[in-house]
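Chemist: Here you go, sequence then predicted model.
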Amino acid sequence: MPLIIGACTGAAQPTGTLRRVIAVVVAVARRSVYLTLLSENPGARRQLVRLCAASPWIADELAQHPALLDELLDPAALYAPPDRDGIARELREYLARTPSDDLEAQMEALRYFRRAHALRAAAAEITGALPLMQVSDQLTWLAEAILAAVLDIARAHLVARHGEPAAAPGAPPPGLLILGYGKLGGIELAHGSDLDLVFLHDADDGARETDGAQPLSNEQFFIRLGQRIIHILSARTASGVLYEVDMRLRPSGNSGLLVSSLAAFARYQADSAWVWEHQALVRARAIVGGETLAARFAEIRHAVLCRRRERAALAAEVRAMREKMRDHLGSKAQGLGTGLFDLKQDPGGIVDIEFMVQFLVLAESHRHPELTRWTDNIRILGDLEAAGVLRALDAETLREAYKGYRMAGHRLQLQRQPALVPAAEFAATRATVTAIWERLLHPNHIVEET
């Protein structure tokens, strides 16, 4: 304890830091190897104090799951994080040590792996080892690897009981495609983000059944597969929840089927979807499920986004949806007055930028089909600029504002604080973003094509 106290004296808030470190020490007190490490290794001790000083979120995670201490006290793990393939490979190797017929053990293994890598990403961000965009990459790749593993685990357990879905003669076996929307689709996951998911299958022949001892129709098989995936992701175990899951973006929302066929999804997007659902499709991409299924979804998405739309009507729909969100979710709706700025929901914030990007993709993709290429806002803004749809200065302004807001949001998440900053902090940025919004979406500025 004298060594810990001495290490905390240099922190910006030494008393608060000491409280957090003590909570971690208490949690590991029965594991003499950790006490020896902290006592005899000044570098490990400094690293622990530095991380606890910077983030109560990291301190709380370590206090609740002491085994994670191993992940953060090796600087090499922080300064040389794995790439997408490396994360997937590490997860496969980790799960290979878990009995394949023990679902509970597999769920616990997935939870530990997710926490360990998420903590490493947070620590790398705090220490400056990784910039914002690469932190989001790490968190997104982690979610992708876990979703691939969860699909494999869920399908294996289901096939063991019901058999494989039947395929049409000469056709490949039907499969499930997991789509990511929102931050997952846009490769912008943050610390603690939930997953916006949609499940699609290509078993369009409802008469076929699985080939096991307890056969199911193909459609029922994929519905149960979707249910099993959600259970593995969101069930609360001793280690907590793997990911919070939001399925409201599936066709017809909460009243729709949990798992839809690709054909039904295409019909819904063409004939029944609302404008806001097409906005959401801008940030949708295939996460896991096979190249053929992913290619078919990409064709559907491209066709929907490239549909010619009447610009003034589209702008009116986008404005109406944005105003509804502000009325229900902004700082004013929260009763916070004018002294605070909600980074996400207030005028001039993150959602305004996202809506402008989505509006321009929907309005211009029939003339510039390349605008459907990416799902992340930063690269879409680059394509909007390259196509001449958005002025270079506006594109750069929106890019920098978007990154600045997200950096502030990440910082607040690691402090366990809401995404609120003093109104003066981004006043000039907000004003500029709002001016671009007015120029793009105000009725007096909308000019239809001739």
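Modeler: It's in.

Chemist: Now do the lengthiest helix in the chain, average pLDDT.
Modeler: Secondary structure of the chain read by DSSP state H shows that its longest helix is helix 132-162. For helix 132-162, mean pLDDT rounds to 95.

Chemist: And the helices in the stretch 351-450 of the chain?
Modeler: Secondary structure of the stretch 351-450 of the chain, counting by DSSP state H, counting those that start in this stretch: helices at 377-386, 392-414, 427-441.

Chemist: Buried deepest among these, which one?
Modeler: For the helices of the stretch 351-450 of the chain, the largest average neighbour count (mean count of other C-beta atoms under 10 Å) is found in helix 377-386, namely a mean of 20. Every C-beta, even on glycine, is put in place using the N, C-alpha and C of the backbone.

Chemist: just checking, what packs against it?
Modeler: helix 350-364, helix 392-414 (3 or more C-beta pairs under 8 Å, 6 or more residues apart in numbering; DSSP states H and E).

Chemist: now those in a markdown table, with mean pLDDT and distance to residue 264?
Modeler: Rendered in a markdown table, the data for those read as follows (pLDDT from 0 to 100; distance: least, C-beta to C-beta, whole Å):
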| stretch | mean pLDDT | distance to residue 264 |
| --- | --- | --- |
| helix 350-364 | 98 | 22 |
| helix 392-414 | 95 | 34 |
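
Chemist: Now tabulate those in CSV and tack on distance to residue 18.
Modeler: Putting the helices and strands packed on helix 377-386 into CSV (distance: least, C-beta to C-beta, whole Å) gives the following:
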stretch, distance to residue 18
helix 350-364, 35
helix 392-414, 19
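
Chemist: Go through those helices and name the closest to residue 100.
Modeler: Of all these, the one in closest proximity to residue 100, counting by C-beta to C-beta, is helix 392-414 (35.0 Å).

Chemist: okay, the angle between the closest one and helix 427-441?
Modeler: 130 degrees (axes from the mean of the first three to the mean of the last three C-alpha atoms, to 10 degrees).

Chemist: and the angle from helix 392-414 to helix 350-364?
Modeler: Counting by the same axes, to 10 degrees, helix 392-414 points 140 degrees away from the direction of helix 350-364.

Chemist: tell me which strands and helices helix 392-414 is in contact with?
Modeler: With contacts defined as 3+ C-beta pairs under 8 Å, 6+ apart, the secondary structure elements packing on helix 392-414 are helix 56-64, helix 103-126, helix 132-162, helix 350-364, helix 377-386, strand 420-422, helix 427-441.

Chemist: could you redo the last one with a cut-off of 6 Å?
Modeler: With contacts defined as 3 or more C-beta pairs under 6 Å, 6 or more residues apart in numbering; DSSP states H and E, the packing partners of helix 392-414 are helix 350-364, helix 377-386, helix 427-441.

Chemist: Distance from the shortest one to the middle of the chain?
Modeler: It refers to helix 377-386. Its chain's average C-alpha position is 20 Å from that of helix 377-386, according to C-alpha atoms, centre = their mean, to the nearest Å.
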